[in-house]
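In: Model the following, please.
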Amino acid sequence: MSADTEQTRPRSSSLPVTKAVVPAAGLGTRFLPATKATPKEMLPIVDKPAIQYVVEEAVAATLRDVLMITGRNKRSIEDHFDRAYELEEALAIKGDDERLRSVRESDGLAQMHYVRQGDPRGLGHAVLCAAAHVGDNPFAVLLGDDLIESADLLRRMIEVREEYGGSVVALMEVEPEQVSLYGCAGIEPTDEPDVVTVTDLVEKPAPEQAPSRWAIIGRYVCDPAVFPVLQETPPGRGGEIQLTDALRELARRKPEDGGTVRGVLFRGRRYDTGNKADYIRTVVDFACRRPDLAAELLPWLREFVDRQGAQQG
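Out: Numbers count the residues shown, from 1 in each chain. Here you go, the predicted structure:
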């Protein structure tokens, strides 16, 4: 990196990424009635709530300062990442060390903070709620609906942020009929095969209007310059303030103004737990990889599939 390049960067570019923001204020309407009184983020993947996997990913990428954006009826999320003294005492008296360790696992994961979104007005508004906590620091955003198999993607995004400055989005190639479900990016290659420059972003485009098949998935590393842009971003699709719209504006700006957006091309395994069918597939996949469950579950699954095939035949 040249001295001239460094001088054109905003001051925040020299700061490390240490904070993670996890929006968790959604109503979870796709999972009603289960989410009438239980946050969708607390729905279990086998025996661990989905939101814990997300926090574990942030911690594995060295982000131990985690801000959860919550809303009404989300108190159980805070309780999950807090101590449960009565439960711990009961397990200790029983000598159930294994379950005691699993209960204590969540409360020491990270330094947890919480702020309420109030009126949920989209992902961009949720990120804007983090401004006071984040300040002038770059920060990661992890969406709770997306589970990523490892923290390698987030670690790579942080590396790209440190190298180039600006903001970074995770991109995954999807089928043409799926582009309308995502924000899609116009991209140009760089000298690194897994890194692209983002030239345009369109939220949930029609297939014929999509700039590419590379869709934004639920991982971002944002420059703090995104906050004043979000404040000026009008509601877009669905009457919500879209983070995609703010990042599109930053992609058009100069580096000294907090601009430029890079994309990291992701070809690993991602689970969309915000979709009912994918949620069930996620639970089955995770269960089949558990030594304590696979020996019993896999034979049953094979028998079930054979039985279904015979009935349909």
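In: Got phi/psi on Gly28?
Out: Backbone torsions of Gly28, given as degrees, to the nearest 10, read phi 70, psi 40.
In: How many residues are close by Gln111?
Out: Neighbourhood size, Gln111 [other C-beta atoms under 10 Å]: 11. All C-beta atoms are positioned from the backbone trio N, CA, C, and that covers glycine.
In: likewise Leu87?
Out: The tally of other residues near Leu87 (other C-beta under 10 Å) stands at 13.
In: which residues sit in contact with it?
Out: Shown here is Leu87, whose contacts under the criterion C-beta atoms under 8 Å, 6 or more residues apart in numbering are Val103.
In: in a strand, that's where it is, yeah?
Out: No - residue assignment for Leu87, taken from DSSP: H, G, I helix; E, B strand; the rest coil, gives helix, which places it outside any strand.
In: Report the separation between it and His80.
Out: Computed with C-beta to C-beta, to the nearest Å, the distance linking Leu87 and His80 is 12 Å.
In: Return every residue with contacts to both of these two.
Out: Counting by C-beta under 8 Å, 6+ apart, Leu87 and His80 have no common neighbour.
In: any idea which helix is longest in this structure?
Out: For the chain, the longest helix by residue count, based on DSSP state H, is helix 291-312.
In: got the contact list for that helix?
Out: So helix 291-312 is contacted by Val46, Val284, Ala287, Cys288 (C-beta under 8 Å, 6+ apart).
In: What's the local residue count around Ser102?
Out: Using other C-beta under 10 Å, Ser102 has 13 other residues around it.
In: check contacts around it.
Out: Ser102 makes contacts with Asp47, as judged by C-beta under 8 Å, 6+ apart.
In: So it, which state does it fall into?
Out: helix.
In: shaky segments in the stretch 101-250 of the chain?
Out: Along the stretch 101-250 of the chain, segments meeting pLDDT under 70 span 237.
In: Which parts of it are helices?
Out: Using DSSP state H, counting those that start in this stretch, the helices of the stretch 101-250 of the chain run over 123-128, 131-134, 152-164, 226-232, 243-251.
In: can you map out the strands along the stretch 51-200 of the chain?
Out: Taking DSSP state E, counting those that start in this stretch as the criterion, the stretch 51-200 of the chain contains strands spanning 65-70, 111-116, 139-142, 146-148, 167-173, 183-189, 195-203.
In: Nearest to Asn275 among these would be which one?
Out: Distances from Asn275 to each of these were compared using C-beta to C-beta; the shortest belongs to strand 146-148, at 10.7 Å.
In: Need the contact partners of the closest one.
Out: 45, 50, 53-54, 57, 154, 217-219, 266, 268-274, 282.
In: related to what we said a few turns ago, may I see the buried residues of the longest helix of the chain?
Out: Neighbour counts using 16 or more other C-beta atoms under 10 Å place no residue of helix 291-312 among the buried ones.
In: How far away from the center of its chain is that helix?
Out: Distance, stretch centre to chain centre, for helix 291-312: 32 Å (C-alpha atoms, centre = their mean, to the nearest Å).
In: Could you export it as PDB, CA atoms only?
Out: Provided in PDB are the C-alpha atoms of helix 291-312 (Å, rounded to 0.1, in the frame of the first residue of the first chain):
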ATOM      1  CA  PRO A 291     -22.100 -38.500  16.200                       C
ATOM      2  CA  ASP A 292     -24.600 -38.800  19.000                       C
ATOM      3  CA  LEU A 293     -27.500 -38.700  16.500                       C
ATOM      4  CA  ALA A 294     -26.300 -39.900  13.200                       C
ATOM      5  CA  ALA A 295     -26.200 -43.600  14.000                       C
ATOM      6  CA  GLU A 296     -29.900 -43.600  14.900                       C
ATOM      7  CA  LEU A 297     -31.100 -41.000  12.400                       C
ATOM      8  CA  LEU A 298     -29.400 -42.000   9.200                       C
ATOM      9  CA  PRO A 299     -30.900 -45.500   9.000                       C
ATOM     10  CA  TRP A 300     -34.300 -44.100   9.700                       C
ATOM     11  CA  LEU A 301     -33.900 -41.400   7.000                       C
ATOM     12  CA  ARG A 302     -32.900 -44.100   4.400                       C
ATOM     13  CA  GLU A 303     -36.000 -46.200   5.400                       C
ATOM     14  CA  PHE A 304     -38.200 -43.100   5.300                       C
ATOM     15  CA  VAL A 305     -37.000 -42.100   1.800                       C
ATOM     16  CA  ASP A 306     -37.400 -45.600   0.500                       C
ATOM     17  CA  ARG A 307     -40.900 -45.800   2.000                       C
ATOM     18  CA  GLN A 308     -41.900 -42.500   0.400                       C
ATOM     19  CA  GLY A 309     -40.500 -43.600  -3.000                       C
ATOM     20  CA  ALA A 310     -42.500 -46.800  -2.800                       C
ATOM     21  CA  GLN A 311     -45.700 -44.900  -2.000                       C
ATOM     22  CA  GLN A 312     -45.200 -42.500  -4.900                       C
END
